[in-house]
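Q: Sharing a model prediction with you, sequence too.
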Amino acid sequence: MFQIDKTIVSEEILDNDFVCNLNACKGACCVDGEYGAPLEESETTILTEIFEKVKPYLRKEGVEAILEQGTFVKGEDGEWETPLVNKSECAYVIFDEKGITKCGIEAAHLDGAIPWKKPISCHLYPVRTRQYSEFMAVNYHKWEICDPACQLGEELKVPVYKFVKEALIRKFGEDWYHELETVAQERPTP
């Protein structure tokens with residue numbers, strides 16, 4: 001672990017490789033599990049504001065889940081998260097013609113319907129953050145459904161922090177990311 005500003009960063013984001021391999025996993029991280037995507041407090045307002053513009057991009061089941069549960073829900077841990085369809089898949093999930101999951105929010109963003117890309121937790125994955133009183137932890141989340149992404153990342157020699165560069169800059173800023181790169185470059189090679 002090392003510190004950058006008010007973050008404590010796991011060296012695992014430097015030591016592990018990762019590149020999403022959607023052809024292999026089909027976007028399983030969006031449909032497997034028991035919890036929705038973690039949301040920041042400010043994102044709950046955004047989801048409510050953009051719902052009508054995102055709604056045409058969503059599946060019928062997703063819209064029904066959102067209308068029934070709300071644009072966001074409070075999880076068992078007391079944190080905000082996206083609602084689920086059938087207690088499994090994110091309500092904002094859509095599928096392409098190959099059965100690969102996509103984000104309906106991101107589809108609306110790419111079409112120019114909304115300015116917001118998607119929840120930062122989704123954009124950062126496999127990096128997870130957690131706020132503590134004095135600092136924020138920045139960790140690598142290992143999940144077996146992402147083994148193909150780890151293999152592809154290793155083949156392409158792309159460390160986690162480079163794979164999620166855009167998201168890390170979105171979350172922490174350019175200066176923070178440059179400091180992270182400096183730490184990575186100054187580390188002894190294993």
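A: Received, thanks. Numbers count the residues shown, from 1 in each chain.

Q: now the helices for this protein?
A: Using DSSP state H, the helices assigned to the chain run over residues 12-15, 22-25, 41-54, 60-69, 104-110, 120-124, 147-156, 160-163, 165-172, 174-186.

Q: Would you mind finding the most buried of these?
A: helix 160-163 (a mean of 23; mean count of other C-beta atoms under 10 Å). (Each C-beta comes from the backbone N, C-alpha and C, glycine too.)

Q: by contact count, what packs against that helix?
A: Contact analysis of helix 160-163 by 3 or more C-beta pairs under 8 Å, 6 or more residues apart in numbering; DSSP states H and E lists helix 12-15, helix 174-186 as its packing neighbours.

Q: Averaged over its residues, which helix or strand of this structure has the lowest pLDDT?
A: Considering only helices and strands, the least confidently modelled element of the chain by mean pLDDT, DSSP states H and E is helix 22-25, at a mean of 91.

Q: That one - contacts with which helices or strands?
A: In terms of contacts (3+ C-beta pairs under 8 Å, 6+ apart), helix 22-25 is packed against helix 147-156.

Q: and the helix it packs on, what other elements does it pack with?
A: Here helix 147-156 touches helix 22-25, going by 3+ C-beta pairs under 8 Å, 6+ apart.

Q: Determine how far the helix it packs on lies from the middle of the whole chain.
A: 16 Å (C-alpha atoms, centre = their mean, to the nearest Å).
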